[in-house]
Each structure stands twice: as structure tokens, then as C-alpha cells.
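**Q** coords please:
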Amino acid sequence: MTPPKIFITRLIPDPGLLLVKENFQADIWPHELPPTRVQLIERSRHVEGLLCTLTERVDAELMDVMGPQLKVISSMSVGVDHIDVAAATARKIPVGNTPGVLTDATADQAFALLLAAARRITEAERFVRAGRWVTWIPNLLLGADLAGATLGIIGFGRIGQAVAKRAQGFDMRVIYYSPSAQPAYGAQPVGLDSLLRESDFISLHVPLTAETKHLVNADFLAKMKPNAILINTTRGPVLDQEALYQALKTKQIQAAALDVTDPEPLPMNSPLLELENCLIVPHLGSASKKTRDMMSLLAAQNLVAGLKGERLPNCVNPQVY
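**A** From the prediction side, this is the model:
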């Protein structure tokens, strides 16, 4: 019997790679940079299984290139906005993701960004490296207090709730906007306008959909407090970066901390990089060793199950069954 043709679009951590290699032979993209669109199409021709990451756009065109024998698409991510799930469902192709295992790591990252922006850590580090630290100064780089401050969480799923849990240890008041979510960890539900009006910190945890694209726009930012700090660890397009730039430059809000941008990577000529009050890191929300190992393993388990004709352990379109 001819072994199934598999393409893994990135060099994922060993737990997932070893599981795939134990069961099948796979074509594995070896480079640090992801394949270009042309390379992705060429390497994906006639595959039965695809294991991708959020850097690859898996649309109807690519599915047609892969062909009717395609059995499974597995993504090493929780979000699947880079995959046309509707097109996959129409073709009876199960799509797998890696939920649950990155909750704590991403919540830690959100809180790390919150603390860093509140206490101006990156500004202070640059201040020292520039040789400007010559004495103790009473008014140097004064930041924001967390104790007694209000944290507003938009999107109160697993990660949003984990952020609320961490805020308890800092004696913060936590409110959230997420119409279908139940209260947890002392957080109280409020309307969006109330959250924007009352929050000293706002952390975004909504998936990227047509409804949430540019949720954070000029109108959103105008309703925030002038001392407020915005944190985004979800997806870059949730935020209108031009509107954010204007709000930060004019001090309409105090600061922002971004783990994600639009596009990624952020171009070096982006005006956001000119601002001292905008902290940007390269999409590290799930970047702990344990978490990335588990994500790779879950992605591989989905791939192997699909190729064996079994139900995916984590399937985002179970209606294919």
C-alpha cells in the first residue's frame, strides 16, 4: 500500500514530529520562514493530510490543489481564522485545532504585558541602556498601580477567565463584556460602553471574526479613560492600528501592549514603533516550552487520527461526521 502523502508546513516541536514519524512519512518544511504561497501550493499538491500553523492561509483554492483525497487539516493553533472552515466542511474535511493547552501561557503573557506597560518596564530598560540613569529621580517613569484598579476583559472564555483569576492576586476589580459567559473569579458582567468607561486596563480575548475585526476602532478608543492601558493577545486585526496610533500619539489613552499585530511581522516602518507608549512583542502568547510541546502533540494527534479515518480528538467542524 502506498503511504499517505503528508505536508507539515513548519518545523514544529519534537513531541508532535515524533508522533507523526512513528505512524507515517511526512514532507516537513525545514526553514525558519514559512513557505510562500507558491511554495505552499506546490508542496501541498495531492496530499492526504496537512499540518499547518497560523502563518499559512488554507483556503478553497489550496484545498482544491490538495485534491479530493484530502482527509484532514490540522492546525497547531487554537484560532482557525487562517483556514476556510466552511470550505473544508463543504468538502467533508475535518479541521483540527489545539484548544485548552495554551490557556495559562497566554493568560500569563497578557498579564506580563499588562505589568510591563503599567510599570513602563521596556521604557526603563531602554533608559538604562542609553546611559541616562545618573541618579534617583522622584518623578522618573512613574507608572500605574494595579491594586484597586479596574481591569476590563473583552471576551470571557478560557483565557479571559484565566486573566481574571490572575487579577485576583493583585486586588484588582474585574469586569467583563462577553454576552454569553457566566461570571467567574469575582468578575462582573457589564455592557461594552460601561467597560470602556470604567476600566483602567482593557485586555482583549475575542476570536477574530467578521464581527470582531476592528472592534477596537476610533470610537472604541474615544470611550476609554485617558489613563487606560490596552492589551491585545488575541489577533492583530481585532484592532485598527491606525486608530490606535492616533490615540497613543495624542495621549487619548495612556499606553498599549501588543502581542499580535496586523500584519505579522509588523513592518519596520510602522508608526507604532516610533511610540514610547506602545510595547510590541512577536506573538509569544503560547511561547512556553511546555505549551508549544503540547500544541504540537495535539496537532499531530489530530493529523494521525484523520489519516487513520478516526474522529479527530479536537475538531472545529464536527458536523463533517
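**Q** can you name every helix or strand that the helix or strand hosting S203 contacts?
**A** S203 is located in strand 201-204, with elements delineated by DSSP states H and E. Secondary-structure packing of strand 201-204 (3 or more CB pairs under 8 Å, 6 or more residues apart in numbering; DSSP states H and E): helix 103-118, strand 150-154, strand 229-232. Every residue, glycine included, has its C-beta placed from N, CA and C.
**Q** what's the helix or strand hosting Q39 packed up against?
**A** Q39 belongs to helix 37-44 when assigned by DSSP H and E. The contact analysis (3+ CB pairs under 8 Å, 6+ apart) places helix 37-44 against helix 60-66.
**Q** now the element after the helix it packs on, going C-ward?
**A** Criterion used, DSSP H and E; the element after helix 60-66 is strand 72-75.
**Q** so what touches that following strand?
**A** Under the criterion CB atoms under 8 Å, 6 or more residues apart in numbering, residues 48-54, 58, 63, 82-83, 88, 93-98, 299-300, 302-303, 305-307, 312 lie in contact with strand 72-75.
**Q** show only the entries of those found in helices.
**A** M63, A88, A299, A300, N302, L303, A305, G306, L307 (DSSP state H).
**Q** nearest to V20 among the residues you listed?
**A** A300 (5.0 Å; CB to CB).
**Q** count the residues that sit near that closest one.
**A** Counted with other CB atoms under 10 Å, residues neighbouring A300 total 28.
**Q** which residues touch the spatially closest residue to it that is not a sequence neighbour?
**A** In space, and not counting its chain neighbours, A300 is closest to G16: 3.7 Å by CB to CB, 6 or more residues apart in numbering. Residues in contact with G16, defined by CB under 8 Å, 6+ apart, are L51, M76, D293, M295, S296, L297, L298, A299, A300.
**Q** redo the helices and strands packed on strand 201-204 as a markdown table? Include mean pLDDT.
**A** Listed next are these as a markdown table, based on pLDDT from 0 to 100:
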| stretch | mean pLDDT |
| --- | --- |
| helix 103-118 | 98 |
| strand 150-154 | 98 |
| strand 229-232 | 98 |
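**Q** kindly reformat those as a markdown table containing mean neighbour count and distance to L284.
**A** A markdown table is the format used below for the helices and strands packed on strand 201-204 (neighbours: other CB atoms under 10 Å; distance: least, CB to CB, whole Å):
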| stretch | mean neighbour count | distance to L284 |
| --- | --- | --- |
| helix 103-118 | 22 | 6 |
| strand 150-154 | 25 | 20 |
| strand 229-232 | 28 | 13 |
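**Q** in CSV: those, plus distance to E22.
**A** Listed next are the helices and strands packed on strand 201-204 as CSV, based on distance: least, CB to CB, whole Å:
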stretch, distance to E22
helix 103-118, 26
strand 150-154, 41
strand 229-232, 38
